[in-house]
Every structure is written in structure tokens, then in C-alpha cells.
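>>> The following block contains a protein sequence and its predicted model.
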Amino acid sequence: MSLSLEDIMDAIKQGTQENRSLVEKFDKLQTTINDLYVEIRNFKVKTFEQDKIIKRQQAEIEFLKKEAKKNNVIIYGVPEEKDEHVVDTLNVVKKVCNEVAFDLPDLVINNCYRIGRGKNPRPICLSLTSNKFMSDLWKKRTEFNRNKIQIAPDRTREEREYRRKLYQCLQSLKKYEPTCIISRNYIKLKGQNYSLEEAERLISECYPETSKSSKEDNQSSKKVKRETLKKLDNFRFHQRTGSTNSI
């Protein structure tokens, strides 16, 4: 059955209308996509700005926490009496300070109290109002140690967590390097300071896991030592050059 010219023209006209309708729908969809793109871009900019504000506020809060604890010291090893009151705690701290020839006048004491619910004796938080007295107190640290009394900074929760992980790294390293120590917020190993992140990488890349067989450890200890020293030198080289290549 043949189509007339009129039928063909109607079909062409209908197809053109359908194409025009599709183009219009596509244009609307493209406009919607462009609008969404602009909104997403603006949202990313706002999110980035909010992240900067949050980080700045977190830094300010951390600074205020440290400032609040700057003149605090935690005292460990001071005997604790049963049903001890705050006045008793203060008196025993004064006695401990007198034993190391450190004068602690009431005027510079802001607060003094036991902390925690651990076993006896609980540590004492001593808060002073004077930077000078706090500095003088730290100078007596060796004398306190001789009397089996330890003093430590009043650290924030984040600092305590950092030190806990740093101490774990120290214990792992001491299996291979007994002379390593914690110095401030670093692990000091063979004259080199390592942050927590560097120490964790050092352990994973330079030091083997502890073997279950002590006999095998003894037989291979010299070889392990030589290989470890080579890896340690290589690790230091990459640290200095900023290279991230595997050791």
C-alpha cells in the first residue's frame, strides 16, 4: 500500500514536533543539571569554609585546655589516708614538698585534690597560680624521684592518648633497641627523634615481629641486627629527603 504525499508530509511534521519536544526536554534537563552543578559547587565551598572554621575552633579549644592546665602538676606516689579530706591532701603535699626543700605557700595554691578512682594511693592534682613557683617545682623533679614521688604534667585527654601510643611504640622498640627513651613527645633512638607516626612506621618497616621461638631468635639475632641497621639508615635517608619509597 503506497502512501500519499500528504501522509508523508504529516509523518515528517509529526516527527519534527516530536524532535522539537525532545530538544526542549533535553534543554530543561541540561538547565537542571547546570543548576545542580552550581549548587554542589557552592555546597563544597561552604563545606570547605566550615571545615576551616571547625579546625580553627578545635585548635582554640585545645589551646585553652592546655592554658588551663599549664600551672597544674600531677603528683604520684603520695600516701593516702583512709577518709582523707581536701585539707589532709594539701597538708601531705606540703609535707612532701618540705622534704625536698621546696617552700609551697598557701598564697600560690589554687587547688589540690585527689583524682581518679584507682587503687591507693590515687594521684594528686596540684594547681598553682604562679608560673615561677611551677617552674621551681619542676626543678625539684630529681629530688622528688629520690623520695619515690613522681611529678608529671596535667595533660589533656588527646595528649594522654598520644603518650599512651608513644609508650606502646617504646616498649616494642626496646625489644630491639634497649637504649631508646621517650624525650618530650618523641622517641629518641640512636640520637634521632621520632614522632608517633614516624615511630609506628619505623616499627612496621625496620623491625621484624617477635618470633615465637627463642632458639630461632638467638640463631638469627646477628643477621637481624645487621639488616635492621641497614633498614634504619635507609629509613632516615627517606625521612631527610621526604621520599615515600618503601624501605
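In hand now; what should we look at?
>>> Give the other helices and strands that the longest helix anywhere in the chain contacts.
Counting residues, the longest helix found in the chain (DSSP state H) is helix 5-69. Judged by 3 or more C-beta pairs under 8 Å, 6 or more residues apart in numbering; DSSP states H and E, helix 5-69 is in contact with no other helix or strand. Every C-beta, even on glycine, is put in place using the N, C-alpha and C of the backbone.
>>> pLDDT on that helix, on average?
Averaged across helix 5-69, pLDDT comes to 85.
>>> mind listing what's buried in the helix or strand just after it?
Where DSSP states H and E defines the elements, the next helix or strand beyond helix 5-69 is strand 72-76. Within strand 72-76, the residues that count as buried by 16 or more other C-beta atoms under 10 Å are 72-75.
>>> got the domain boundaries for the protein?
Structurally, the chain divides into domains by the TED database as follows: 17-67, 70-154, 156-209.
>>> what are the ranges of the strands in this structure?
72-76, 109-114, 124-128, 150-153, 181-183, 186-189, 192-194 (DSSP state E).
>>> who touches the closest residue to E200 other than its chain neighbours in this structure?
Computed as C-beta to C-beta, 6 or more residues apart in numbering, the closest residue to E200 that is not its neighbour in sequence is C169, at 6.2 Å. Contact analysis of C169 by C-beta atoms under 8 Å, 6 or more residues apart in numbering lists 187, 196, 199-200, 203.
>>> Then K140?
Shown in contact with K140 (C-beta under 8 Å, 6+ apart): 97, 100-102.
>>> Same check on N91?
N91 makes no contacts at all, as judged by C-beta under 8 Å, 6+ apart.
>>> same thing with V86?
By C-beta under 8 Å, 6+ apart, V86 lies in contact with 112-113.
>>> L196 versus the residue nearest the centre of the chain, what's the distance?
Closest residue to the average C-alpha location of the chain: Y162 at 4.9 Å, with C-alpha atoms, centre = their mean. Distance, Y162 to L196, by C-beta to C-beta, to the nearest Å: 6 Å.
>>> which neighbours do those two share?
N185.
>>> re earlier: I'd like the strands of the chain written out as a markdown table, with mean pLDDT and distance to V87 added.
Shown next, in a markdown table, are these (pLDDT from 0 to 100; distance: least, C-beta to C-beta, whole Å):
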| stretch | mean pLDDT | distance to V87 |
| --- | --- | --- |
| strand 72-76 | 94 | 16 |
| strand 109-114 | 94 | 9 |
| strand 124-128 | 94 | 13 |
| strand 150-153 | 92 | 21 |
| strand 181-183 | 89 | 36 |
| strand 186-189 | 89 | 40 |
| strand 192-194 | 87 | 44 |
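>>> Of all those strands, which one comes closest to Q30?
Closest of those to Q30 is strand 192-194, at 55.3 Å (criterion: C-beta to C-beta).
>>> Run the chain-centre distance for that closest one.
Relative to the chain's own centre, strand 192-194 is displaced by 17 Å; criterion: C-alpha atoms, centre = their mean, to the nearest Å.
>>> can you check stretch 135-143 too?
Remark: stretch 135-143 is offset 28 Å from the chain centroid, using C-alpha atoms, centre = their mean.
>>> what distance separates the start and the end of that stretch?
Using C-alpha to C-alpha, to the nearest Å, one end of stretch 135-143 lies 14 Å from the other.
>>> Would you indicate which residues of that stretch are buried?
Buried residues in stretch 135-143, counting neighbours by 16+ other C-beta under 10 Å, are found at L137.
>>> Name the member of the contacts of C169 with the shortest distance to T156.
The shortest approach to T156 among these belongs to L196, at 15.3 Å (C-beta to C-beta).
>>> if I pick that closest one, what's in contact with it?
Applying C-beta under 8 Å, 6+ apart, we find L196 in contact with 162, 165-166, 169, 185.
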